[in-house]
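*Asks:* Mind looking at a prediction? Sequence and model below.
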There are 2 protein chains.
Amino acid sequence: MKDVRALVDSVRQGNRLALGRLLTQVENDTEEGRQALVNLFPYTGSAHLIGVTGAPGTGKSSLVNRLAYHYRHLAEGTPTRRVGIIAVDPSSPFTGGAILGDRVRMRDLTGDPGVFIRSMASRGSLGGLAATTSAVVDAVDAAGFDIILVETVGAGQGEVDVASLAHTTLVVEAPGFGDDIQAIKAGILEIADILIINKADLPGVENTERALRGLLQLAHPTSHPLDGRFDDPVSRAGASIHSGDLPWETPVLRTVATDGSGISDLVAEIDRHREYLQKSGGWTRQERARLESQLDHLLKAELVSRWRKTVSESHVQSVVDRLANRELSPWQAVDMLLNGGRL
Amino acid sequence: MKDVRALVDSVRQGNRLALGRLLTQVENDTEEGRQALVNLFPYTGSAHLIGVTGAPGTGKSSLVNRLAYHYRHLAEGTPTRRVGIIAVDPSSPFTGGAILGDRVRMRDLTGDPGVFIRSMASRGSLGGLAATTSAVVDAVDAAGFDIILVETVGAGQGEVDVASLAHTTLVVEAPGFGDDIQAIKAGILEIADILIINKADLPGVENTERALRGLLQLAHPTSHPLDGRFDDPVSRAGASIHSGDLPWETPVLRTVATDGSGISDLVAEIDRHREYLQKSGGWTRQERARLESQLDHLLKAELVSRWRKTVSESHVQSVVDRLANRELSPWQAVDMLLNGGRL
């Protein structure tokens, strides 16, 4: 308990080493990590969570890097913001991608005490990537970081789940992607609060922008996979209505992360989205949805863990044996495990 | 019950309309769907499940299309195989991507009774995309399809989970992707049983192949995210050891899906991987891992559903209120919900 208090105090004082240690505990779901998070939880809720997602090759990491750099070097008179970067790299525990990615970022941001960078190389133990990321976000938030950039790779369900954590979701595209039917299939446009065409100095940027604007027009959101996120979905071409009655028209921005073009416009749009969320009540709804989803994951994990204690491993394995031999269907196996073998 | 028996019989006779109807039931997790799957389950286990994954823009759908066409038009004397295609498109319920994708495929395959195509536009109700896909695969398998191609979009955790269903996982790249650090970060190389460079008529294919072979060399698998899939991981450059003691060296193949180049080599490699799995015992282990994971999802869903019946919705909402107000941490909220409000 004394260790936990010391850890919590260090994290609250913005000690990045302590925060790093805490996150390792959180990812491993240790008792110490839980205790610390319980103590830190009252101090969460003020950071602006920004999800950044998009296909590989669009330059997401460079964009995140550049955004962080921009927040750290705002014009004189503007208060500089502390930035946490969480790179979610779920698929690979060993390719070293996370490490390489960090190194690229580190070049510009290293040594700045107002920047904290964390790569998550695994989904952790909290019952899913989204739940672990949510807990990590809480810790970074409690450590006093004003902006938390959560970067996810790819465009699958896991990424959508993680994006649903964020207050503001940036979807990054690049010239050449928009014209491809695969880009349509990726179908992540509807989670975008801001749509970015990065690498906008490449040829084909006009076509990509036209294609993306066309797709935004096509997207008539009448329902949405993220329960609780869209309380009042309205079918309207080109508009993505995220909160209450106020509409939010998804802007399409061009950036070149490598030279910084378009980044200050992007930061302005992000701030505009924050104001929009606060005015429309979307900020509170989004927070509630995130916490509810985290609660749901933790509940499931706890229910399974409690049930596991009531059955012997050998019984479970014998049921799995019968399942593998096609003597029992998965549903019959569930029935047998939960109702004590009535079959 | 009579309806269920009729449905099961029609599916077993290869009636594609009946199979389509069943899959709708499965995705919605209806009682009829469950009953039918329980009855069909003993007839599963013979199809070769082939996962196809990779970033948007690599031409995955065309490749799947071409593979199916090839299986349907094998050289004389070779028995033609019946092919099921399951396109998992998890992120978009409304962009119409799934429909467009189908139309592209349909051109060559439409009207062939030996081909069944299904787009999954949602994660379904079975407690996750992987669990729903697994149940869909069971149904298509029981309907007598010899080859089941499961195509996933993107490279996130969801895709890795779905890929873990397959006996054989194809990872599709394209020229221009391999040199990018983002491709390294996507980190799906280690789930590849066969690595494909599609669009191999584009410039830069040599660089991409060199980069990918280099990455395969770098990948020293000492651990793996898919529990139970790799029983004997061995650190060896360029080798991906998936089953028992026999090594499987991931081949790198070039294809041009649009004109069919490289497809017969790919089919030969897929068959070689099947033989390898059967010889090494990997086939059985892979099946068991898939069924165990499906069981796990169903168990969780059932445990949650049983618990939900024991608490009132208003109590749950009041706990969520306190959570949203930061009066309770998520862990304290779980404790309160499961232990009856001791806090």
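*Replies:* In hand now; what should we look at?
*Asks:* CA only for contacts and neighbour counts going forward, please
*Replies:* Noted.
*Asks:* Now the helix or strand hosting A:A68: average pLDDT?
*Replies:* In this assignment (DSSP states H and E), A:A68 forms part of helix A:60-72. Helix A:60-72 shows a mean pLDDT of 89.
*Asks:* now A:T58, nearest residue through space, not along the chain?
*Replies:* Using CA to CA, 6 or more residues apart in numbering or on different chains and skipping residues adjacent in sequence, the residue nearest A:T58 is A:A174, 5.1 Å away.
*Asks:* burial measure for the closest residue to A:L253 other than its chain neighbours, as a count.
*Replies:* Excluding the flanking residues, the one nearest A:L253 by CA to CA, 6+ apart is A:I196, at 4.8 Å. When counting by other CA atoms under 10 Å in any protein chain shown, one arrives at 28 neighbours for A:I196.
*Asks:* mind checking the SS state of A:I196?
*Replies:* Of the three states, A:I196 takes strand according to DSSP: H, G, I helix; E, B strand; the rest coil.
*Asks:* Wait, it touches A:T255, no?
*Replies:* Yes. Counting by CA atoms under 8 Å, A:I196 touches A:T255, with 6.9 Å between them.
*Asks:* Just the helices from chain A, written as ranges.
*Replies:* A:2-12, A:16-27, A:31-40, A:60-72, A:97-109, A:129-142, A:157-163, A:181-186, A:205-218, A:263-280, A:282-308, A:313-324, A:330-339 (DSSP state H).
*Asks:* Return the alpha-carbon coordinates of the fourth one using PDB.
*Replies:* Okay, so that is helix A:60-72. What follows is helix A:60-72, C-alpha atoms only, in PDB (Å, rounded to 0.1, in the frame of the first residue of the first chain):
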ATOM      1  CA  LYS A  60       0.000   8.400 -39.300                       C
ATOM      2  CA  SER A  61       3.100   8.200 -37.100                       C
ATOM      3  CA  SER A  62       4.700  11.200 -38.700                       C
ATOM      4  CA  LEU A  63       1.500  13.100 -38.300                       C
ATOM      5  CA  VAL A  64       1.200  12.200 -34.700                       C
ATOM      6  CA  ASN A  65       4.800  13.200 -34.200                       C
ATOM      7  CA  ARG A  66       4.200  16.500 -35.900                       C
ATOM      8  CA  LEU A  67       1.000  17.200 -34.000                       C
ATOM      9  CA  ALA A  68       2.800  16.700 -30.700                       C
ATOM     10  CA  TYR A  69       5.600  18.900 -31.800                       C
ATOM     11  CA  HIS A  70       3.200  21.600 -32.700                       C
ATOM     12  CA  TYR A  71       1.400  21.400 -29.400                       C
ATOM     13  CA  ARG A  72       4.800  21.800 -27.700                       C
END
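*Asks:* Tell me which other helices or strands that helix touches.
*Replies:* Packing partners of helix A:60-72 (3 or more CA pairs under 8 Å, 6 or more residues apart in numbering or on different chains; DSSP states H and E): strand A:48-54, strand A:83-88, helix A:97-109, strand A:147-152, helix A:263-280.
*Asks:* neighbours around A:L337, how many?
*Replies:* Counted with other CA under 10 Å, A:L337 comes out at 18.
*Asks:* Excluding chain neighbours, what is closest to it?
*Replies:* In this structure, A:L337 finds its nearest non-sequential neighbour in A:V316, 7.1 Å apart by CA to CA, 6+ apart.
*Asks:* Against A:S264, how distant is the one you found?
*Replies:* 57 Å (CA to CA, to the nearest Å).
*Asks:* And for A:G144?
*Replies:* A:G144 sits 23 Å away from A:S264, taking CA to CA as the criterion.
*Asks:* how about the helices and strands packed on helix A:60-72, which one is nearest B:G281?
*Replies:* helix A:97-109 (31.5 Å; CA to CA).
*Asks:* For the closest one, give the mean pLDDT please.
*Replies:* Mean predicted confidence for helix A:97-109 is 49.
*Asks:* ditto for stretch A:15-30
*Replies:* Mean predicted confidence for stretch A:15-30 is 91.
*Asks:* How is chain A partitioned into domains?
*Replies:* For chain A, whose domains are defined here by automatic domain parsing, the residue ranges read A:1-40, A:44-286, A:300-339.
*Asks:* By mean pLDDT, show me the worst of these.
*Replies:* domain A:44-286 (a mean of 75).
*Asks:* ends of that domain, how far apart?
*Replies:* 14 Å.
*Asks:* Then stretch A:73-81?
*Replies:* The first-to-last residue distance of stretch A:73-81 comes to 9 Å (CA to CA).
*Asks:* Stretch A:300-315 now?
*Replies:* Using CA to CA, the two ends of stretch A:300-315 sit 22 Å apart.
*Asks:* what's near enough to touch the residue nearest to A:T133 when sequence neighbours are not counted?
*Replies:* Nearest non-adjacent residue to A:T133, counting by CA to CA, 6+ apart: A:V162, 7.3 Å away. Shown in contact with A:V162 (CA atoms under 8 Å, 6 or more residues apart in numbering or on different chains): A:G51, A:L129, A:A130, A:T133, A:T152.
*Asks:* do A:H273 as well
*Replies:* A:T168, A:D193.
*Asks:* Could you check how far the residue nearest to A:G262 when sequence neighbours are not counted is from chain B?
*Replies:* If the residues on either side of it in the chain are set aside, A:G262 comes closest to A:T255, at 4.5 Å by CA to CA, 6+ apart. A:T255 sits 18 Å away from chain B, going by CA to the nearest CA, to the nearest Å.
*Asks:* just checking, A:T255 touches A:V205?
*Replies:* No. Between A:T255 and A:V205 there is no contact under CA under 8 Å: 10.6 Å.
*Asks:* Could you tell me which residues touch both of those two?
*Replies:* Between them, A:T255 and A:V205 share these contacting residues under CA under 8 Å, 6+ apart: A:I197.
*Asks:* ok, back up a step: out of A:G144 and A:S264, which sits in the busier spot?
*Replies:* The residue with more neighbours, out of A:G144 and A:S264, is A:G144; 21 against 15, by other CA under 10 Å.
*Asks:* Quick check on that one: phi, psi?
*Replies:* For A:G144, the backbone dihedrals (degrees, to the nearest 10) come out as phi 90, psi 20.
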